[in-house]
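K.L.:
Sequence plus the predicted model coming up.
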There are 2 protein chains.
Amino acid sequence: MPRSITKEALLDAAEAIVLESGAAHLTLDAVAERSRISKGGLIYNFPTKEALLVAMIGRLIENLENRRERIRRELAPQNPSELMIEIKVLSSLVETDARRSAAILAVIANRPDLMEPFRETLCDRFTKRILSEGHPERSTILFFAAFGLHFAEMLSLPFLDPERRKKVYADLLSLARADNDLGSPAHEADLQGGQT
Amino acid sequence: MPRSITKEALLDAAEAIVLESGAAHLTLDAVAERSRISKGGLIYNFPTKEALLVAMIGRLIENLENRRERIRRELAPQNPSELMIEIKVLSSLVETDARRSAAILAVIANRPDLMEPFRETLCDRFTKRILSEGHPERSTILFFAAFGLHFAEMLSLPFLDPERRKKVYADLLSLARADNDLGSPAHEADLQGGQT
DNA sequence: TTTATTGTACCGACCGGTCGGTATTATACC
DNA sequence: GGTATAATACCGACCGGTCGGTACAATAAA
C-alpha cells in the first residue's frame, strides 16, 4: 500500500480544486473542507503545503509510469519504438485524466522549483530514448505533436472535438509505427534487449 | 500611444515576478516593489488585480498579433498558408519572448475564467483558418508540433538546445510550405483574394 | 498506557484594496 | 503677470480578511 486512503482523498480534493477554481485557490483549508478531512488531519498527512505539492506531482508521475509500463507490455508483440509508446501513453489519457495533469500548473504556480525533478524525467526520456531511435527529425515532430495535443487538452483548449483528437493520435501512432518498421527491420534484437 | 510608460513598467514587473517566482507570488505589493512604483500608483493604473491580469493577457495577444501581421507581410511574396504563418510566428519567439508567454499561467492560476477570450481567439484561428486549408491531417500534426514546441519552451522544458529547436521549426516550416505549394498550385488567386 | 490520528481554536504574516494626501501641470479668471 | 481651480499621476499608511502553520485536547487502536 504505497499511500493511505486518506492521502489519496486529500490529493483528489487538491486536484479537483485546481481544476475547478485555479491554482490560486488551492489552499490548505480548501483541501481539508473539500475532502471532508479536518485541517489537522491534512497537516498530519502532509506537514507542509510543499509536501502536498510534491505528492501531487509524485502521483502524477506514478500514474504516467504505470500507464507507460502497461502500454509497453501491451505493445510488446509489435516491437514498438519508445516514441510509439509515448504517443500511446498520451493518447490513453482521456479527457478527465488529461485535465488532471493540470495539477502540475498548481505546482508551477506555487513552487516552480519543485518542477525540477519532473523536468528532468521528461527531458531525459525524450533525449536519451526517443532521439536515439532512427530518424530523429521525424520522431521529434511526432513527439511534439503528441505533446502539444496533450497540453492543449490539459488547458482545455477546445481545438479538436474528441473524435478528431482520437483520429490525430491514431495518425501519429501509425506514422511512428511506419518509421519504426521501416527504420530498423534488421536489428529488432537491439531495441528489445538494449537497456542503456 | 496605447499604454503609458508606467503601465508598461508595471506589466514588465508582473511578468518578471511570474517567471522568477511563480504565479502565486504575483501580488500587488510585489509588483509595486519590483517596478519601484508605489502601490497607490499601481492601483491608480490597474484598479484591481483582475485589471492587471487582463492587461497582461492583452499585451501578450497584442504582441502575438503584431508579429503575425509583420510576418504575414514578410511572407506575402511566397503566398503562404495560415499554417506557415503560424509556425513562423511561434518560431520567431526566441527564448525570452517564449518564456514571457508564461504570464498566461498566472492568469490561469488566479482567474481561469479570464482565459476565455484567449481560448476563443486561439481555437478560432486554428479551426477556421488552418483546418480549412488543404490536407487537414498533416496541417494538424504540423500545427500541434509547433504548438508543443512552444509550450515546452514556455515551461522551459529543455528538450532541445536552441540550434536543434531552430532546426525543428525550419523543418516544420518547410513541410508546411511543401504541402502548401503542392496542395494548391492552380488556384493561388483564391488564397490571395479570399477574405472570409 | 502508549501511540496514531483527528478536530478545532488560534497566531502572525501577508493579501487585495481603500483612502487621505502630495506633486505637477494645464487652464481660467482677473 | 499673478493666482485660483482643476485634472492627472502617484504615494504609502492602513484595514478587513485570508493564508500557511501551530498548539493542544479529544478520540481510536494497540
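P.N.:
Thanks, I have the structure now.
K.L.:
contacting residues for the closest residue to A:Ile141 other than its chain neighbours?
P.N.:
For A:Ile141, the nearest residue in space outside its immediate sequence neighbours is B:Ala145; the separation is 4.7 Å by C-beta to C-beta, 6 or more residues apart in numbering or on different chains. In short, each C-beta sits where N, CA and C put it, glycine included. Taking C-beta atoms under 8 Å, 6 or more residues apart in numbering or on different chains, we find B:Ala145 in contact with A:141-142, A:144-145, A:148, B:168, B:172.
K.L.:
mind redoing it with 7 Å?
P.N.:
The neighbours of B:Ala145, taking C-beta atoms under 7 Å, 6 or more residues apart in numbering or on different chains as the test, are A:141, A:144-145, A:148, B:172.
K.L.:
Going by distance to DNA strand C, which of the residues you listed wins?
P.N.:
A:Gly148 (31.0 Å; C-beta to the nearest atom of the strand).
K.L.:
Check the gap between that closest one and DNA strand D for me.
P.N.:
Counting by C-beta to the nearest atom of the strand, to the nearest Å, the gap between A:Gly148 and DNA strand D amounts to 31 Å.
K.L.:
helices or strands next to the longest helix anywhere in chain A in the packing?
P.N.:
Across chain A, the helix with the greatest residue count (assigned by DSSP state H) is helix A:49-75. The elements that helix A:49-75 packs onto, with contact taken as 3 or more C-beta pairs under 7 Å, 6 or more residues apart in numbering or on different chains; DSSP states H and E, are helix A:5-21, helix A:82-92, helix A:103-110, helix A:116-124.
K.L.:
so where does the residue of chain A found nearest DNA strand C fall, helix or strand?
P.N.:
Scanning chain A for the residue nearest DNA strand C gives A:Gly40, at 2.1 Å (criterion: C-beta to the nearest atom of the strand). Applying DSSP states H and E as the criterion places A:Gly40 in helix A:39-45.
K.L.:
Check the secondary structure at the residue nearest to A:Ile141 for me.
P.N.:
What DSSP: H, G, I helix; E, B strand; the rest coil gives for B:Ala145 is helix.
K.L.:
hmm, back to that, can you name the residues in contact with the helix holding A:Gly40?
P.N.:
Outside helix A:39-45, the residues that touch it by C-beta under 7 Å, 6+ apart are A:6-7, A:10, A:28-29, A:31-32.
K.L.:
And for stretch A:156-166?
P.N.:
For stretch A:156-166, contacts defined as C-beta under 7 Å, 6+ apart pick out A:99, A:149, A:152, A:168, B:119, B:122-123, B:126.
K.L.:
out of these, which is most surrounded?
P.N.:
Greatest neighbour count in the contacts of stretch A:156-166, by other C-beta atoms under 10 Å in any protein chain shown, goes to A:Leu149: 27 neighbours.
K.L.:
so what's the closest residue to it other than its chain neighbours up against?
P.N.:
The shortest distance from A:Leu149 to any residue that is not its chain neighbour, by C-beta to C-beta, 6+ apart, is 5.0 Å, and that residue is B:Phe144. Residues counted as contacts of B:Phe144 (C-beta under 7 Å, 6+ apart) are A:145, A:148-149.
K.L.:
Take those residues and lay them out in a markdown table including distance to B:Val89.
P.N.:
Below are these laid out as a markdown table (distance: C-beta to C-beta, whole Å):
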| residue | distance to B:Val89 |
| --- | --- |
| A:Ala145 | 17 |
| A:Gly148 | 15 |
| A:Leu149 | 19 |
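K.L.:
Now render these as JSON lines, adding pLDDT and distance to DNA strand C.
P.N.:
As requested, the contacts of B:Phe144 are arranged in JSON lines below (pLDDT from 0 to 100; distance: C-beta to the nearest atom of the strand, whole Å):
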{"residue": "A:Ala145", "pLDDT": "96", "distance to DNA strand C": "37"}
{"residue": "A:Gly148", "pLDDT": "95", "distance to DNA strand C": "31"}
{"residue": "A:Leu149", "pLDDT": "94", "distance to DNA strand C": "33"}
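K.L.:
Pick the one among the residues you listed closest to chain B.
P.N.:
Taking C-beta to the nearest C-beta as the measure, chain B sits nearest to A:Gly148 out of the contacts of B:Phe144, at 2.7 Å.
K.L.:
Quickly list the domain ranges of chain A.
P.N.:
Following automatic domain parsing, chain A resolves into domains at A:1-47, A:60-193.
K.L.:
can you tell which of the helices and strands packed on helix A:49-75 is closest to B:Lys49?
P.N.:
Smallest distance to B:Lys49 across these (C-beta to C-beta): 14.6 Å, for helix A:103-110.
K.L.:
That closest one vs chain B: in contact?
P.N.:
Yes - Helix A:103-110 lies in contact with chain B when judged by C-beta under 7 Å from any C-beta of the partner chain; the contacting residues are A:105, A:108-110.
K.L.:
Switch those residues over to JSON lines; also include pLDDT and neighbour count.
P.N.:
Supplementary listing: the residues of helix A:103-110 next to chain B in JSON lines, determined by pLDDT from 0 to 100; neighbours: other C-beta atoms under 10 Å in any protein chain shown:
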{"residue": "A:Leu105", "pLDDT": "84", "neighbour count": "22"}
{"residue": "A:Ile108", "pLDDT": "85", "neighbour count": "24"}
{"residue": "A:Ala109", "pLDDT": "86", "neighbour count": "26"}
{"residue": "A:Asn110", "pLDDT": "86", "neighbour count": "22"}
